[in-house]
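J.: okay, predicted coordinates and the sequence, questions at the end:
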Amino acid sequence: MRTAFDFSPLYRSTVGFDRLFDMLDQSSQIEPMTNWPPYNIEKVGEDQYVITMAIAGFAPDEIELTQKESQLLVAGQKKGSEEGRQYLHRGIATRAFKQTFNLADHVKVTDAHLENGLLTVDLKREVPEALKPRRIEINAGADAAPAGRPPQQIEHGKAA
């Protein structure tokens, strides 16, 4: 049984984690979980991930993969008619499905392929250079700019 948690104290002491808390809040609400189609999520490298979904019976043209901002939507819809078929046992599910995955910032789909009934989606986190951490030099003593004088321009690590 799930219980709802109050995340309001965390909102007061953090900045920029709204989306994370919204996802936690949504996951704590009681709602039917979709367990089909089954899937795995693997971390295969420092910034590389793979989602593998078991979708036997679907052709590549019956699957739609869409990434919009931080969400990846995988949807499947069987084409063709089931009319005229009489099943004595039907164990292969061919019902339509929609599965949404919330992706972290800067995670992009790099490849997707269907083989032996398994859809494999490769993902990679690619942080732009402008957003990567950078070291900032601190001037002290004789190198520091006196009050009232603008700081020196620095090119390629040397003072101008």
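T.: Nice, I can see it.

J.: outline the domain layout of this structure.
T.: The chain breaks down by automatic domain parsing into domains covering 1-31, 34-81+88-130.

J.: single out the most deeply packed of those.
T.: Highest mean neighbour count of the domains of the chain: domain 34-81+88-130, a mean of 13 (counted as mean count of other CB atoms under 10 Å). All C-beta atoms are positioned from the backbone trio N, CA, C, and that covers glycine.

J.: what's stretch 42-56 in contact with?
T.: For stretch 42-56, the external contacting residues (CB atoms under 8 Å, 6 or more residues apart in numbering) are 37-41, 63, 72, 74, 76, 92, 97, 99, 101, 107, 114, 117-126.

J.: low-confidence regions, this structure specifically.
T.: Counting by pLDDT under 70, the chain contains low-confidence ranges at 1-34, 81-82, 142-160.

J.: now with 90, please.
T.: 1-37, 45-47, 56-58, 69-71, 78-96, 102-107, 125-160 (pLDDT under 90).

J.: re the thing from before, out of the domains of the chain, which is closest to Glu137?
T.: Glu137 lies closest to domain 34-81+88-130 among the domains of the chain, at 18.5 Å (CB to CB).

J.: may I have the beta-bridge partners of Trp121?
T.: Slight slip there: residue 121 is Val, not Trp. Counting by DSSP bridges, Val121 is bridged to Ile51, Ala112.

J.: leaving aside the residues next to it on the chain, what's closest to Gln99?
T.: Using CB to CB, 6 or more residues apart in numbering and skipping the chain neighbours, the partner closest in space to Gln99 is Val74 (4.8 Å).

J.: quick one, strands of the chain?
T.: With DSSP state E as the criterion, the chain has strands at 39-45, 48-54, 63-68, 71-76, 97-102, 107-115, 118-125, 154-155, 158-159.

J.: ok, now how distant is the closest residue to Arg125 other than its chain neighbours from Ala75?
T.: Excluding its sequence neighbours, the residue lying closest to Arg125 (CB to CB, 6+ apart) is Asp47, at 4.0 Å. Counting by CB to CB, to the nearest Å, the separation of Asp47 from Ala75 is 26 Å.
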